[in-house]
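1. next one to model:
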Amino acid sequence: MTKVGMIVGSLRKESYSKKVAKLLAELLPEDFEAVFIPLDELAIYNQDFDDEGNVPAAWTQFREQAKQLDAVIFVTPEYNRSVPAVLKNALDIGSRPYGHSVWDQKPAAVVSVSPGKLSGFGANHHLRQSLVFLNMPIMQQPEAYIGEIGQLLDETGRYQNPEQTQAFFQTIVDGFVNWTKQNLSK
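-> Numbering: from 1, shown residues only. You can find the predicted model right below:
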């Protein structure tokens, strides 16, 4: 069973990114298991905690969960043309202490979600910069920019136009599954 971390860069209860992540998880094949890892308990990264052996329990739990993953799908909104602080914080916590990154060599996909037309383009590319440094092979195609999400999902988080939207989401998932299989077989 391939374990896929679903890491969502939004804490909001009714987040579009959370809704999209759930829909993507539903489309994974049977031999892929979606593991949702919450970020809401993670204190802001401070190297002193690692250096002094005073690591918050939430960090330890997060790192242990992330170590168990085979691959990761990051689903993020865009805040000020970048990624939300909670997502960047999770990357930092997982990458430390130096030399013990939980991210190394895990295939990844970036899905950006926005109510606007630009579809989180800035967040998508900012996140990719960090993932390159973290040595995560990132799926290049299909690109996953989801704009005008309010027109694609209803208030319950289900597809408004299942034929088109679900087909697009399935293309993303199929590309990710193939990308993951290619990278895990190396």
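
2. report all helices and strands that the longest helix that the chain contains contacts.
-> Determined from DSSP state H, the single longest helix within the chain is helix 162-184. Contacts defined by 3 or more Cβ pairs under 8 Å, 6 or more residues apart in numbering; DSSP states H and E place helix 162-184 against strand 2-8, helix 16-26, strand 71-76, strand 108-113. No exception for glycine: its C-beta is placed from N, CA and C like everyone else's.

3. what's near enough to touch the residue located most distally from the centre of the chain?
-> Centroid-distance maximum for the chain: E52 at 29.6 Å, with Cα atoms, centre = their mean. If you count contacts by Cβ atoms under 8 Å, 6 or more residues apart in numbering, E52 has none.

4. mind doing that once more with 10 Å?
-> N46 (Cβ atoms under 10 Å, 6 or more residues apart in numbering).

5. how about Q164?
-> Contacts of Q164 by Cβ under 10 Å, 6+ apart are L152.

6. relative to Q170, how far out is it?
-> 11 Å (Cβ to Cβ, to the nearest Å).

7. equivalent analysis for Q65, please.
-> Distance from Q65 to Q170, by Cβ to Cβ: 27 Å.

8. with neighbour numbers in mind, choose between those two.
-> Q65 (17 against 13; other Cβ atoms under 10 Å).

9. returning to that earlier point: can I get the helices and strands packed on helix 162-184 in CSV including distance to V132?
-> Listed next are these as CSV, based on distance: least, Cβ to Cβ, whole Å:
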stretch, distance to V132
strand 2-8, 17
helix 16-26, 21
strand 71-76, 13
strand 108-113, 10
